[in-house]
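In: This is a predicted model, with the sequence first.
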Amino acid sequence: MSTDQFGLAEGDYVPDPDRDTTLLIDAFYDHLAATLLEHALPVELTTAMRARQSELEAANQHLIVDEPARHNLRMTLALVAAYEFLLPRLGQAKALAAVRTSFVEPLGDTMKEGTRAMLDNAPDAFQAMVELSRSREEHAFGKGFVFARPVDDDRRYHLDVRQCFYHDVLVANAAPELTPVMCAFDANWIEAIEPGRHGFRFDRRTTIGTGGTHCPFHFSRNHEAG
């Protein structure tokens, strides 16, 4: 089985929201099953969680603004469904931790290794990352997110997320405390960037999920012009 399930290493990755979301959700529930055993809870709860996810999707259809949003809704509501079952059984702190680790960890190494290989093999790692970001903005995020680009040139690509669909869905479903889980998932590719090796750095000092007004995704070459 390939360890690069998203096909990042070859540098020609195009987001496939249906495939990517299904991979993430399946990995999430698989990890949750093991977590349930650790807490002496029945593994069968994941079946009930999936059923609840389907109910939530039906109730939240009005939030879908385009095709990417359809898949982002599935992913976000998987977290909500799991959290609803875990919260009364584990308490908030443990429930949040279980959801976070089950969402972030299963595909973490795959994403990190694939992203690093892509950057290592690219003639221009900065440009490769910018192109990947643009592709994901169009195909994976879509109109449910509002982007601003205060700087966009050959040396800096500073993208600000002004509206986050994940956060909007979680607020609508009374679970805004789960938004930082979505933010944490990005560490899987962020940690693959090595400024000394790849010639650029990445900065994200805050997020909407952690109380910021926006999420800055700022890519800058190591030696900026001027």
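Out: Yes, it's here. Numbers count the residues shown, from 1 in each chain.
In: Is it correct that residue 174 falls within a helix?
Out: No - when the secondary structure is assigned by DSSP: H, G, I helix; E, B strand; the rest coil, residue 174 falls in coil instead of a helix.
In: Return the per-residue confidence for it.
Out: Note on residue 174: pLDDT of 98.
In: likewise residue 30?
Out: Confidence per residue is given as pLDDT, and for residue 30 that number is 97.
In: next one: the one 5 residues further on
Out: Note for residue 35: predicted pLDDT of 95.
In: Then residue 5?
Out: Looking at residue 5, its pLDDT stands at 52.
In: what element comes up after the lengthiest helix in the chain heading to the C-terminus?
Out: When the chain is scanned for its longest helix (criterion: DSSP state H), the result is helix 67-90. Scanning the chain past helix 67-90 towards its C-terminal end, the next helix or strand to appear is helix 92-104 (assignment: DSSP states H and E).
In: That next one: which residues count as buried?
Out: 95, 96, 98, 99, 100, 101, 102, 103, 104 (16 or more other C-beta atoms under 10 Å). Using the backbone N, CA and C atoms, a C-beta is placed for each residue, glycine as well.
In: you'd agree the second one is up against residue 179?
Out: By that I understand residue 96. No - the pair formed by residue 96 and residue 179 falls short of the contact definition of C-beta atoms under 8 Å, at 11.0 Å.
In: what sits against the nearest residue to residue 142 once chain neighbours are set aside?
Out: Nearest residue to residue 142 in three dimensions, chain neighbours excluded: residue 68, at 3.2 Å (C-beta to C-beta, 6 or more residues apart in numbering). The contact partners of residue 68, by C-beta atoms under 8 Å, 6 or more residues apart in numbering, come to 17, 139, 140, 141, 142, 143, 144.
In: Then residue 96?
Out: Applying C-beta under 8 Å, 6+ apart, we find residue 96 in contact with 83, 177, 178, 181.
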